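Novice: here is a sequence together with a model predicted from it:
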Amino acid sequence: MAVTEEDTAPAAATAEDAPGPVLVAENLRVAFGRGRAEEVVRGVGFALHPGRCLAVVGESGSGKSVTARTLLGLTGPGATVRADRLELDGLDLTALDDRGWRDVRGRRVGLVLQDALVSLDPLRRIGAEVTEVLANHRLVASAQRPDRAVELLAQAGVPEPEVRARQYPHELSGGQRQRALIASAVAADPAVLVADEPTTALDVTVQARILDLLAQKKAEGAALLLISHDLSVVARLADRIAVMFGGVFVEEGPAEQVLRSPAHPYTRELLAAVPGRHPRGTRLSLRPRDLPVVAVGGDGCRYAVHCPLAEDACREAAPPAVALPGDRVIRCRRPEEPWPAPAARTAGPGGAAGDSVGDCVDGSVGAGKAVLAAEGLVKSYRRPDGTVHRAVRGVSLELRAGEVLGVLGESGSGKTTVALMAMGRLRPDAGTVTLLGEPWPGGPGDRRRVQLVQQDTLSAFDPRWTVERLVGEALGAPGRRAARRRRAEIAEALRLVGLGPDLLGRRPRELSGGQRQRVAIARALAVEPEVLVCDEPVSALDVSVQAQVLDLLAEVRERTGVSVLFISHDLGVIRHTSDRVLVMKDGEVVEEGPVERLFADPQHPYTRQLLAALPD
């Protein structure tokens with residue numbers, strides 16, 4: 001593919017009083033494949049300075065993680081890396097062989113990945129994981145490593161570090177594992193720390209502690225490269241922000257300027273997609289659902305296919321890099337054009353867009369009849385050591401006709417256990433569940449009346465099945481139903497979530513994350529349930545894809561009147577989607593109320609703690 005000089009972004013400028021860069025990249029390009037290899041990083045440039053943070057923001061497929069892994073020689077087999085300059089303290093990284101990269105990894109550049117449970121060896125104790133880099137580089141004698149592991153875990157804020165060092169990854173909480181991973185990454189005191197989505201899918205309070213820990217390493221002099229799709233997260237740490245789309249930095253500049261006055265349409269789309277920035281009842285996404293994340297091929301702007309401001313010139317040739325006041329660089333022909341205002345959703349069966357279907361004429365939220373009700377639910381589990389863990393302690397809830405009831409809480413609070421009992425998939429030790437006033441669940445056929453949309457559809461779906469079979473499974477055995485009629489029902493379920501019949505023959509791995517989540521929603525809606533249970537349905541999605549899924553759920557609810565039990569740890573998502581909220585902690589409901597009242601005037605200390613930890 002031809003790439004012009006316009007595709008090379010200049011290296012980031014630095015403040016006059018900042019020390020010189022420890023790592024510099026100029027015209028970095030990474031391609032995969034043979035022959036006419038496709039470039040996934042297309043001429044980016046940046047500089048990392050001690051005690052400073054550069055955040056690279058973009059959605060999956062933008063090239064940000066490939067850029068990060070290039071700094072550690074981890075682009076993988078089949079990758080071709082080229083750069084006019086790629087240096088770490090004078091060391092030419094493009095000239096390194098495998099042995100040279102082993103000397104760099106951990107010792108001079110540390111890496112913090114997203115999923116600590118996958119990144120940590122499940123067969124090795126935490127202490128050995130944390131000190132692996134010290135052993136590989138022979139920095140600490142073997143007899144001293146156990147004490148050093150405890151010291152590093154303590155510095156990372158891991159509670160009871162002496163105990164945790166002797167445990168295995170599965171015995172730690174998600175936040176503890178992530179902090180152990182950071183302890184491992186900083187064990188050799190590297191000059192550069194690369195954090196690739198370090199807080200994705202973490203609870204807001206755990207996320208805040210991880211960000212505080214990274215801020216501490218930055219204050220101690222580490223140069224930090226933070227990779228994320230969440231602008232509210234990078235706002236806590238970044239000195240500069242580079243916004244990446246289609247392998248190119250489309251906008252780069254001081255963090256405050258980029259966040260307060262975004263110039264590129266893609267940056268504006270990312271900010272517009274943040275749920276907490278708009279009133280409930282407005283659309284979060286302007287992007288058409290069926291377009292690819294990145295339009296491949298051609299020399300034009302890759303964002304043009306999504307951009308409401310694009311003109312013919314944008315599609316014909318890539319826009320040049322233009323310097324803006326305030327030490328900023330942007331690639332756009334029309335940055336001065338106003339961004340379209342968020343549109344209100346169309347009215348549904350419950351009335352005006354954004355209204356609860358169960359609203360009363362006096363404006364009280366969710367005053368309709370109860371569809372799903374639970375009273376005094378209790379559930380306990382026996383731990384491997386023989387002790388009993390009470391996961392749910394006397395929880396009661398009421399889901400009313402057409403409303404969205406949000407259940408908010410950290411991991412381990414019991415919210416998913418409550419959802420499983422409400423669905424009839426888990427029998428409570430005590431308490432009752434009713435559906436439309438009748439005991440629930442009843443017979444085997446009743447289970448179709450309450451359907452689940454899960455968090456990780458890639459794991460939930462059989463990878464061998466096509467979309468047609470995945471959605472058709474919800475309809476039951478074909479029986480005597482004509483094949484043509486059944487296929488039409490499946491296609492109609494897909495149409496309801498904005499997918500076309502061309503996807504019927506695809507398998508889960510051939511779909512994007514947003515498409516898989518919409519297939520999951522189609523599968524749940526195919527049997528016309530009374531209740532939809534959404535368990536963290538957007539926690540692992542990019543903010544722009546998350547916006548599309550949230551808009552879709554709102555439209556489906558407005559069109560069908562289905563009641564929704566929405567489980568999440570994300571306060572912004574809960575606020576945008578829910579009519580009422582239950583806040584859970586340690587298996588109990590500590591606060592309940594209409595969403596706006598709860599966010600404006602939280603009564604319980606735990607609710608106030610959650611709101612205080614929310615990134616701005």
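Specialist: Arrived safely.
Novice: I figured residue 564 hits residue 531, correct?
Specialist: Yes - Residue 564 is within contact range of residue 531, at 7.4 Å (criterion: Cβ atoms under 8 Å). All C-beta spots, glycine's among them, are computed from the backbone N, C-alpha and C.
Novice: who touches both of those two?
Specialist: Counting by Cβ atoms under 8 Å, 6 or more residues apart in numbering, the common neighbours of residue 564 and residue 531 are residue 399.
Novice: got the CA coordinates for stretch 394-408 in PDB?
Specialist: C-alpha atoms of stretch 394-408 as PDB (Å, rounded to 0.1, in the frame of the first residue of the first chain):
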ATOM      1  CA  GLY A 394     -31.300 -11.200  52.400                       C
ATOM      2  CA  VAL A 395     -31.600  -9.300  49.100                       C
ATOM      3  CA  SER A 396     -35.000  -8.100  47.900                       C
ATOM      4  CA  LEU A 397     -35.700  -6.400  44.600                       C
ATOM      5  CA  GLU A 398     -38.600  -5.500  42.400                       C
ATOM      6  CA  LEU A 399     -38.300  -5.100  38.600                       C
ATOM      7  CA  ARG A 400     -41.300  -3.200  37.200                       C
ATOM      8  CA  ALA A 401     -42.900  -3.200  33.800                       C
ATOM      9  CA  GLY A 402     -40.700  -1.700  31.100                       C
ATOM     10  CA  GLU A 403     -38.100  -0.300  33.500                       C
ATOM     11  CA  VAL A 404     -34.400  -0.800  33.700                       C
ATOM     12  CA  LEU A 405     -33.200  -1.700  37.200                       C
ATOM     13  CA  GLY A 406     -29.500  -1.200  37.600                       C
ATOM     14  CA  VAL A 407     -27.600  -3.300  40.100                       C
ATOM     15  CA  LEU A 408     -24.300  -1.600  41.000                       C
END
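Novice: which of the residues in that stretch are buried?
Specialist: Buried residues in stretch 394-408, defined by neighbour count with 16 or more other Cβ atoms under 10 Å: 395, 397-408.
Novice: which parts of the stretch 51-200 of the chain are helices?
Specialist: Counting by DSSP state H, counting those that start in this stretch, the stretch 51-200 of the chain has these helices, from start to end: 64-70, 98-104, 116-119, 126-130, 132-136, 145-155, 161-164, 174-185.
Novice: who touches stretch 170-180?
Specialist: Taking Cβ under 8 Å, 6+ apart as the rule, stretch 170-180 contacts 112, 116-117, 120, 122, 126, 129-130, 153, 156-159, 164, 169, 198-199, 202-203, 206, 209-210, 213, 411-412.
Novice: among those, name the ones in strands.
Specialist: When the contacts of stretch 170-180 are checked against strands (DSSP state E), the matches are residue 112.
Novice: start and end of stretch 467-484, how far apart?
Specialist: 16 Å (Cα to Cα, to the nearest Å).
Novice: picking that back up, need the buried ones from the contacts of stretch 170-180 selected in ChimeraX.
Specialist: This is the ChimeraX syntax for the buried subset of the contacts of stretch 170-180, where burial follows 16+ other Cβ under 10 Å:
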select :112,116,120,126,129,130,153,156,157,158,164,169,198,199,202,203,206,209,210,213,412
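Novice: re earlier: ok, so of the buried residues of stretch 394-408, who is nearest residue 554?
Specialist: Using Cβ to Cβ, residue 404 is the member of the buried residues of stretch 394-408 that sits closest to residue 554, with 8.5 Å.
Novice: residues contacting the residue nearest the centre of the chain?
Specialist: Per Cα atoms, centre = their mean, the C-alpha nearest to the average position across the chain is that of residue 540, at 3.5 Å. Taking Cβ under 8 Å, 6+ apart, we find residue 540 in contact with 200, 201, 455, 456, 513.
Novice: repeat that for 7 Å
Specialist: Counting by Cβ atoms under 7 Å, 6 or more residues apart in numbering, residue 540 touches 200, 201, 455, 456.
Novice: quick one: residues in contact with stretch 71-91.
Specialist: 22-33, 37, 66, 69-70, 93-94, 96, 101, 104-105, 108-109, 111, 191-192, 194.
Novice: same thing but 6 Å
Specialist: The contact list for stretch 71-91 (Cβ atoms under 6 Å, 6 or more residues apart in numbering) reads 22-32, 69-70, 93-94, 101, 105, 109, 111, 194.
Novice: now, those that are in strands?
Specialist: Members of those lying in strands (criterion: DSSP E): 23-32, 109, 111, 194.
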